[in-house]
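Visitor: Okay, predicted coordinates and the sequence, questions at the end:
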Amino acid sequence: MTRDENLKGRWEGLQKKLSNQFADGEAMDLDAIIYVIGVQELGQPHKKFKKDHKIDLMHIAICRLLEPYGYYEFDYFDEEGWPHYKILEQLPTLKAGEQSVLMKEAIVNYFINNGYID
């Protein structure tokens, strides 16, 4: 099995598991999963968030997801408990498909490292 096929299988399994847990089985897209990761990283899963905070949560998730790749580094928590990251390296210019593959790989690795999937 190639690396891409392995990633595709893991992504589909993870997407199904998350969709069943958080969306009553309705397929969650990449943005929805990134949002869930942001909420997880903030540690306030039962709080209702306004639209601008949802964007901030997705930013937190993207920073956390790309931290192992050397693009971001955790910096500090602010007085409200929100994590802040600093940029270590600018992201390379990627085509939409390449960007999607990078994020899916980072998400799968995130959930493997957190013990959610094998």
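Guide: Good, I have the coordinates.
Visitor: Centre-most residue in the chain?
Guide: A centroid search over the chain (CA atoms, centre = their mean) returns residue 34, at 3.9 Å, as the residue closest to the centre.
Visitor: Who are the contact partners of that one?
Guide: By CB atoms under 8 Å, 6 or more residues apart in numbering, the contact set of residue 34 is 58, 61-62, 65, 103, 107. From N, CA and C alone the C-beta is placed, and that goes for glycine too.
Visitor: Just the ones in helices from the residues you listed, please.
Guide: Those of the contacts of residue 34 mapping onto helices are 58, 61-62, 65, 103, 107, per DSSP state H.
Visitor: Report the contact partners of residue 64.
Guide: Taking CB under 8 Å, 6+ apart, we find residue 64 in contact with 37-38, 41, 72, 74, 83, 85, 110.
Visitor: quick one: it and residue 20, what's the gap?
Guide: From residue 64 across to residue 20, the span is 23 Å (CB to CB, to the nearest Å).
Visitor: Residue 93 too?
Guide: Residue 93 is 36 Å from residue 20, by CB to CB.
Visitor: Looking at these two, which is more packed in?
Guide: More crowded of residue 93 and residue 20, by other CB atoms under 10 Å: residue 20, with 12 against 7.
Visitor: In the helix or strand where residue 12 lies, which of the residues would be classed as buried?
Guide: Here residue 12, judged by DSSP states H and E, is contained in helix 3-22. Buried residues in helix 3-22, defined by neighbour count with 16 or more other CB atoms under 10 Å: 7, 10-11, 14-15, 18-19.
Visitor: and of these, the nearest to residue 54?
Guide: residue 18 (16.9 Å; CB to CB).
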